[in-house]
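1. Generate coordinates for the sequence data below:
(2 chains)
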Amino acid sequence: MTWTILELLRNNPDKLKEHVKKRLMDPSIVDKAYNVDLKWRKMLTKVNEIRHRHNIISRSIGKAKSKEERMKLVNEARNLLKELEKLETDLKRLEAERETILYSLPNIVDDDVPVGDESASLPIEAWGEPKVWSGHLNAFLDQTERYGLSMNYKVIEWKPVGHADMLENVLGLGDTIKAGEVAGSRFYYLFEDLVWLDFALLLYAIDKLTSKGYRLTIPPYMLRYKVMGRVIDIETFKDAIYKIEDEDLYLIATAEHPLAALYYNEELYDDELPLKLLGVSPCFRKEAGAGNRDLKGIFRVHQFHKVEQFIYSTPEDSKKLHYELINNAKELFQELGLPYRIVNIASGDLGACATKKYDLEVWMPAQGMFREMVSASNCTDWQAYRLNIRLIRRKGMAREYVHTLNSTAIASTRTITAILENYQEPDGTVVIPKVLRKYLEVFDKAPHEAIYPKRKKKE
RNA sequence: GCCGGGGUGCCCGAGCGGACCAAGGGGACGGGCUGGAGACCCGUUGCCCCUCUGGGGCGCGCGGGUUCGAAUCCCGCCCCCGGCGCCA
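-> So this is what the prediction gives:
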């Protein structure tokens, strides 16, 4: 038992309550968990005592000398079993109750995390030279200088076209109407240059991060219930996860899920950590909690491609590696030339798994907002406890839990929206970021320098 | 999908209804020996609970069942190997 949260629950429940309060959740869950755990431990002791008595008698039956003695002992054992039956039912019930409540406890909150609801999330740094339409200037300053972030921005007088209109009307390279008819809203058809762009973005992230030593991985795109339930919390399950009819299979919402499950019920030695993985997969999301937000375009969709960073680490290294993940993401977006700010996400908006989370938000010139492109979470031992992934120290062979961390590298459709708005020229042409060009040059039919509006095309 | 064989501790592997409650080996870890290393010797090496220099319970793919007693018998599921079929 070295799970941080269980230790805290038993030794200092008030402290754990503070963490739960920071998340704006009802702290009475801690009292419930404490009581159920205590009750379970007492019941376990009681049951074990009776099992012990039963075991002693049961073992002596094999050595009984006479038939009478044998029958007497068998009857005694039977009586104890009858007594056990009810207690074991109670114990099982308590066990299930305990598991449910322990698994519903969120991770503790890191000291650096700003406390409050999403409005308390704190932009902490910014990079790049955003194009700001004059009509958005106040909004822009409100999202940067208000937090003490200064950016060299360029005011433009023409208003860029939103990514949804760009896609569908200006470029004519997407069809969400037909997709809506045949699959539903938040689906899309993408064509030609945008498909090339999608793949080029993935290749770019794969190229960069494999060079940094991340192990390239294609994971399963579906997981069993018992595994998925351990990787994520119930809320995420309800809001994001699709199920396959008549099968015990759930579509992943990100490669994080199968990458976290890679060492399900396994042991990792401290000298083989950190393990850095790079998952490439489609992501399937219900977006059930999204309401009517971002209904147009491909910013928030049921399906997209993503390159995902994932790290298994020792507890002492996880903070450092969390910075590594967000720094990798910054590097990717700097080279893409997309201006961003980094946000330290507030306690109330963390999600149950994370102890701390950084988002990278790119400035969207048409929307006049910074929008999330990357999310980097340190889950410490929250996932590892649920997935039973142990850490073994060579020195002394002590057993603990590993820490897990995850971060987006590139999410295809979102990054495409960012390019459509940031690389847009007044005439609707979209210049292709230089860093992507080498992944497009090799294909004759791929766009090499820019994507042109449909009415400008000569062909 | 069908037929046959199989899943034992970190790994290999014995056990196939009860007799110190998984033999034996390897690896790892701790200690001894050494100037240091190797070899060698001793010990530890599944999970959980407690009144924790000790005591106890549960563990043999997962979940049920039979029995006073199951790694061992029965049922369902999962996975692996071989053969047949099907398929990109």
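2. Could you point out which residue ranges in chain A have low pLDDT?
-> Counting by pLDDT under 70, chain A shows low-confidence ranges at A:1, A:64-65, A:456-459.
3. Any residues of it in contact with RNA strand B? List them.
-> Within chain A, the positions adjacent to RNA strand B are A:1, A:41, A:44-45, A:47-49, A:51-52, A:54-59, A:61-63, A:74, A:77-78, A:81, A:267, A:390, A:394-397, A:399 by Cβ under 7 Å from any atom of the strand. Placement of C-beta: from N, CA and C, glycine included.
4. Would you mind listing the buried residues in the host helix or strand of A:Tyr358?
-> Here A:Tyr358, judged by DSSP states H and E, is contained in strand A:356-364. Residues A:356-364 are the ones in strand A:356-364 that count as buried (16 or more other Cβ atoms under 10 Å).
5. Stretch A:117-135 too?
-> By neighbour count on 16+ other Cβ under 10 Å, the buried set for stretch A:117-135 is A:121, A:123, A:126-128, A:130-133.
6. looking at chain A, which residue lies furthest from center?
-> Distance from the C-alpha centroid of chain A, by Cα atoms, centre = their mean, peaks at A:Ser66 (65.4 Å).
7. Look up how far RNA strand B lies from it.
-> When distance is defined by Cβ to the nearest atom of the strand, to the nearest Å, A:Ser66 is 14 Å away from RNA strand B.
8. could I get the strand holding A:Tyr358 in CSV with only the CA atoms?
-> The C-alpha coordinates for strand A:356-364 follow below in CSV (Å, rounded to 0.1, in the frame of the first residue of the first chain):
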residue,chain,number,x,y,z
LYS,A,356,-1.5,19.3,-12.6
LYS,A,357,-2.3,20.2,-16.2
TYR,A,358,-0.8,22.6,-18.8
ASP,A,359,-2.7,23.5,-21.9
LEU,A,360,-1.2,25.1,-24.9
GLU,A,361,-3.6,27.4,-26.6
VAL,A,362,-3.1,28.9,-30.0
TRP,A,363,-4.3,32.3,-31.0
MET,A,364,-7.1,32.1,-33.5
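9. and it, what does it pack onto?
-> Contacts defined by 3 or more Cβ pairs under 8 Å, 6 or more residues apart in numbering; DSSP states H and E place strand A:356-364 against helix A:318-336, strand A:340-344, strand A:369-378, helix A:412-422.
10. ok, and what's touching the next helix or strand after the last one?
-> Right, the one you point to is helix A:412-422. Where DSSP H and E defines the elements, the next helix or strand beyond helix A:412-422 is strand A:430-431. Here strand A:430-431 makes contact (Cβ atoms under 8 Å, 6 or more residues apart in numbering) with A:166, A:171, A:419-420, A:423-425, A:449-452.
11. go again using 10 Å as the cut-off
-> Identification of contacts with strand A:430-431 by Cβ atoms under 10 Å, 6 or more residues apart in numbering yields A:166, A:170-171, A:173, A:193-194, A:197, A:337, A:416, A:419-425, A:447, A:449-453.
12. Just the buried residues of the next helix or strand after it, please?
-> The C-terminal neighbour of strand A:430-431 among helices and strands, as given by DSSP H and E, is helix A:434-437. By 16+ other Cβ under 10 Å, the buried positions in helix A:434-437 come out as A:435-436.
13. Show which residues not belonging to helix A:434-437 make contact with it.
-> So helix A:434-437 is in contact with A:196-197, A:199-201, A:203-204, A:207-208, A:332, A:334-337, A:419, A:446-449, going by Cβ under 10 Å, 6+ apart.
14. try 6 Å this time
-> A:200, A:204, A:335 (Cβ atoms under 6 Å, 6 or more residues apart in numbering).
15. Repeat that for stretch A:6-26.
-> A:27, A:30, A:33-34, A:106, A:108-109, A:115, A:347-348.
16. From the residues you listed, list the buried ones, please.
-> Among the contacts of stretch A:6-26, the ones that count as buried by 16+ other Cβ under 10 Å are A:27, A:30, A:33-34, A:106, A:108-109, A:347-348.
17. could you pull out the helices for the stretch 101-250 of chain A?
-> Using DSSP state H, counting those that start in this stretch, the helices of the stretch 101-250 of chain A run over A:137-143, A:163-165, A:176-182, A:192-211, A:225-231, A:234-240.
18. can you redo these as JSON lines with distance to A:Ala253 and mean neighbour count?
-> As requested, the helices of the stretch 101-250 of chain A are exported to JSON lines (distance: least, Cβ to Cβ, whole Å; neighbours: other Cβ atoms under 10 Å):
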{"stretch": "helix A:137-143", "distance to A:Ala253": "28", "mean neighbour count": "15"}
{"stretch": "helix A:163-165", "distance to A:Ala253": "22", "mean neighbour count": "21"}
{"stretch": "helix A:176-182", "distance to A:Ala253": "19", "mean neighbour count": "14"}
{"stretch": "helix A:192-211", "distance to A:Ala253": "17", "mean neighbour count": "19"}
{"stretch": "helix A:225-231", "distance to A:Ala253": "9", "mean neighbour count": "18"}
{"stretch": "helix A:234-240", "distance to A:Ala253": "4", "mean neighbour count": "16"}
